[in-house]
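>>> Predicted model and sequence below, questions to follow.
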Amino acid sequence: MFIYSTLSRSKEEFSPLKPNRVKLFVCGPTVYDDSHIGHGRTYIAFDCIARYFRYKGYSLFYLQNITDLDDKIIKRARERGVDPILLAREYERKYLADMKALGVENVNLHARATEHIPEIIEQIRKLLEKGFAYETENGVYFEEAKFPDFGKLSQRKLEDLTVHRVDPDPRKKSPGDFVLWKKIDEQPCWESPWGRGRPGWHIEDTAITEEYFGAQYDIHGGGLDLIFPHHEAEIAQMESASGLKPMVLYWMHTGFLNVKGEKMSKSLGNFVTIQELLQRWDGEVFRFLVLSAHYRSPIDFGEDALIQAQNSLERIKKTLQKMVGFYEDPEKQGGIKVGENRKIWDEVHKKFLEAMDDDFNTPQALSVLFEAIRYINRQLQDKSLKNSDIIKIKTIFKDWGEILGVNFFPPEKKEDRTEDVLEILLDVRGKLREKKDWKLSDMIRSDLKDLGFELEDS
């Protein structure tokens, strides 16, 4: 398996720190508003990546943080006249519901920043103790000049960097030094060795990952827009605090989602929330659209793209449904040798997995899938399918569906066991009548009548 690492700008053979075990961290949302389709793009991509690791037999721990305390959250809470933590919990619930609707279900733990304040304080203490941070009257800051590797992920030199954080503290040693702890005696805030306050944005992620993964782990993911300054700051903090390099073996970043060729923005009027999307489209259609592009490539979102994704998905499902009909009608079958067909499908499945092994190339994997659909249609036309072939194909498509997070087959109907349940109830009631328990016996008859079943004793 090969993964493209943003740090090296190349594909590297995947080799985790511990054999067959993968630690994956992806930056989570700041929960102050409804999640948008850009969030959906990133988290669908990493959900598919997580699914494939598990399909390959890796023991995966997928961690995501929830930024539930931030200036944006506090501002929105004041506008609405509610407690910031309650506002964050409201939007966190909405975010998780949105992810469920998009089939994103492989995160092991969502770690809230507010529940890791002690770990954040401890990491800041280490940075101060080792001389990488300093305190002012307004807060505690990381001193970028003390970390010569700052900029290595974005491939920028420290001396060429523009100021990436506008901070009102004139006592900072350099305009680029970023905040670790803000001294604020205003709720919500926490006690610390430097006075009451709140943590900075960057420090929450490294404190959380160190708590669950240690100072080094396998994969860190997120959107391209987080490379600078957020992920640069994470590297500086963790590698300075621990003295270990690299903090992460593989850095993975998803491409931008554009709307009709333009970056999504509220000011441009092309901002689309996941809830707005789901009012008109099935979450599976959007997921299929996302996976039709490579996770590192940009996606152009629009009505035409969604229609194409929907039509493609329907084409796959209709072909497979037709194929299942052949399974149920043996008279339609015959032709090709079983061994020959099985060999063909083993090769097709191998090509699908090879595409996924090549930096999770879902568009190439889908190309293999459509090649398989065309082959199935040809076999349906010349009636060359056998039951053994269909069972093999169903198994392969169920595997592919599990990897992609798409259900290619309709939900199986549960067998109607009403008569069996009635027989059990009647048998129990008969035993109650033998024991002369008329009250419970009559209650069962009354409840059955409410459900539409008339019962007469004879």
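Done, it's in.

>>> Can you give me the neighbour number for Asp185?
The number of residues packed near Asp185 is 8, by other CB atoms under 10 Å. Yep, even glycine has a C-beta here, placed from its N, CA and C like the rest.

>>> need the contact list for it.
Residues near Asp185 by CB atoms under 8 Å, 6 or more residues apart in numbering: Gly195, Arg196, Gly197.

>>> Of those residues, just the buried ones, PyMOL syntax please.
Buried members of the contacts of Asp185, defined by 16 or more other CB atoms under 10 Å, are picked up in PyMOL with:
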select buried, resi 195+197
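
>>> Now, the contacts of Asp185 that are in strands?
Residues of those located in strands (DSSP state E): Gly197.

>>> Closest one of the contacts of Asp185 to Phe2?
For the contacts of Asp185, the residue nearest Phe2 by CB to CB is Gly197; the value is 44.1 Å.

>>> Surely that closest one is in contact with Glu186?
No: with contacts counted by CB atoms under 8 Å, Gly197 stays clear of Glu186, the gap being 9.2 Å.

>>> how about stretch 20-37: buried residues?
Neighbour-count burial for stretch 20-37 flags 22-33, 35-37 (criterion: 16+ other CB under 10 Å).

>>> With distance to Asp437 and pLDDT as extra columns, can I get the contacts of Asp185 in CSV?
Shown next, in CSV, are the contacts of Asp185 (distance: CB to CB, whole Å; pLDDT from 0 to 100):
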residue, distance to Asp437, pLDDT
Gly195, 71, 96
Arg196, 67, 97
Gly197, 68, 97
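
>>> which among the contacts of Asp185 gets closest to Ile49?
Gly197 (36.4 Å).

>>> State the distance from the closest one to Glu347.
61 Å (CB to CB, to the nearest Å).

>>> Same question for Leu425.
Distance from Leu425 to Glu347, by CB to CB: 54 Å.

>>> which of those two has more neighbours?
Neighbour count, other CB under 10 Å: between Leu425 and Glu347, Leu425 has more, with 16 against 9.

>>> hang on, isn't the more buried one packed against Met443?
No: with contacts counted by CB under 8 Å, Leu425 stays clear of Met443, the gap being 11.4 Å.

>>> now the contacts of Asp185 as TSV including distance to Ile74?
TSV is the format used below for the contacts of Asp185 (distance: CB to CB, whole Å):
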residue	distance to Ile74
Gly195	18
Arg196	15
Gly197	13
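
>>> Which one of the contacts of Asp185 is nearest to Lys56?
Taking CB to CB as the measure, Lys56 lies nearest Gly197 of the contacts of Asp185, at 44.2 Å.

>>> Quick one: residues contacting that closest one.
Gly139, Trp181, Lys182, Lys183, Ile184, Asp185, Cys189, Trp190.

>>> burial measure for the third one, as a count.
For Lys182, the count of nearby residues is 19 (other CB under 10 Å).

>>> give me the element it is part of.
Taking DSSP states H and E as the definition, Lys182 sits inside strand 178-183.

>>> after the helix or strand where Phe326 lies comes which helix or strand?
Take DSSP H and E as the rule and Phe326 turns out to sit in helix 303-328. Using DSSP H and E, the helix or strand that follows helix 303-328 towards the C-terminus is helix 338-357.

>>> Check which element follows that next one along the chain.
helix 362-381.

>>> Now tell me what touches that following helix from outside.
Helix 362-381 has contacts (CB under 8 Å, 6+ apart) with 48, 291-295, 312, 315-316, 319-320, 322-323, 326, 335-336, 344-345, 348, 351-352, 355-356, 358, 385, 389, 393, 396-397, 400, 403-404.

>>> Of these, keep whichever come out buried.
Buried members of the contacts of helix 362-381, scored by 16+ other CB under 10 Å, are 48, 291-295, 312, 316, 319-320, 323, 326, 344-345, 348, 352, 355-356, 358, 385, 389, 393, 396-397, 400, 403-404.

>>> Which segments of this structure make up each domain?
Domain ranges of the chain: 2-254, 302-404, 418-450, per automatic domain parsing.

>>> Compile those into JSON lines and extend it with columns for distance to Leu277.
Putting the domains of the chain into JSON lines (distance: least, CB to CB, whole Å) gives the following:
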{"stretch": "domain 2-254", "distance to Leu277": "6"}
{"stretch": "domain 302-404", "distance to Leu277": "9"}
{"stretch": "domain 418-450", "distance to Leu277": "39"}
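
>>> give me the element Phe25 is part of.
Per DSSP H and E: strand 21-26 holds Phe25.

>>> got the buried residues for the next helix or strand after that strand?
Using DSSP H and E, the helix or strand that directly follows strand 21-26 along the chain is helix 37-55. Buried residues in helix 37-55, defined by neighbour count with 16+ other CB under 10 Å: 37-54.

>>> got it, and stretch 186-205?
Using 16+ other CB under 10 Å as the test for burial, stretch 186-205 gives 188, 190, 192, 194-195, 197-205.

>>> hey, C-alpha coordinates of stretch 26-44 in PDB?
This file holds the C-alpha atoms of stretch 26-44, laid out as PDB (Å, rounded to 0.1, in the frame of the first residue of the first chain):
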ATOM      1  CA  VAL A  26      -8.300  13.900  11.600                       C
ATOM      2  CA  CYS A  27      -9.000  17.500  12.600                       C
ATOM      3  CA  GLY A  28     -12.700  17.700  13.600                       C
ATOM      4  CA  PRO A  29     -15.100  20.600  13.400                       C
ATOM      5  CA  THR A  30     -15.500  23.800  15.400                       C
ATOM      6  CA  VAL A  31     -19.100  23.400  16.500                       C
ATOM      7  CA  TYR A  32     -20.700  26.800  16.200                       C
ATOM      8  CA  ASP A  33     -22.800  26.400  13.100                       C
ATOM      9  CA  ASP A  34     -24.300  23.700  10.800                       C
ATOM     10  CA  SER A  35     -21.700  21.500   9.000                       C
ATOM     11  CA  HIS A  36     -21.300  22.300   5.300                       C
ATOM     12  CA  ILE A  37     -20.600  20.100   2.300                       C
ATOM     13  CA  GLY A  38     -16.800  20.900   2.600                       C
ATOM     14  CA  HIS A  39     -16.800  19.100   5.900                       C
ATOM     15  CA  GLY A  40     -18.700  16.300   4.300                       C
ATOM     16  CA  ARG A  41     -16.200  15.900   1.500                       C
ATOM     17  CA  THR A  42     -13.200  15.600   4.000                       C
ATOM     18  CA  TYR A  43     -14.900  13.200   6.400                       C
ATOM     19  CA  ILE A  44     -16.400  11.000   3.700                       C
END
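
>>> And the strands in the stretch 151-300 of the chain?
178-183, 197-199, 217-223, 248-254, 257-259, 262-263, 299-301 (DSSP state E, counting those that start in this stretch).

>>> for Tyr58, what are its contacts?
Neighbouring residues of Tyr58 by CB under 8 Å, 6+ apart: Pro16, Asn20, Arg21, Val22.

>>> Let me know the pLDDT of it.
What the model reports as pLDDT for Tyr58 is 98.

>>> How much space separates it from Ser388?
The spacing between Tyr58 and Ser388, counted by CB to CB, is 31 Å.

>>> if we can go back for a sec, who are the packing partners of the helix holding Phe326?
Applying 3 or more CB pairs under 8 Å, 6 or more residues apart in numbering; DSSP states H and E, we find helix 303-328 packed against helix 283-291, helix 362-381, helix 387-404.
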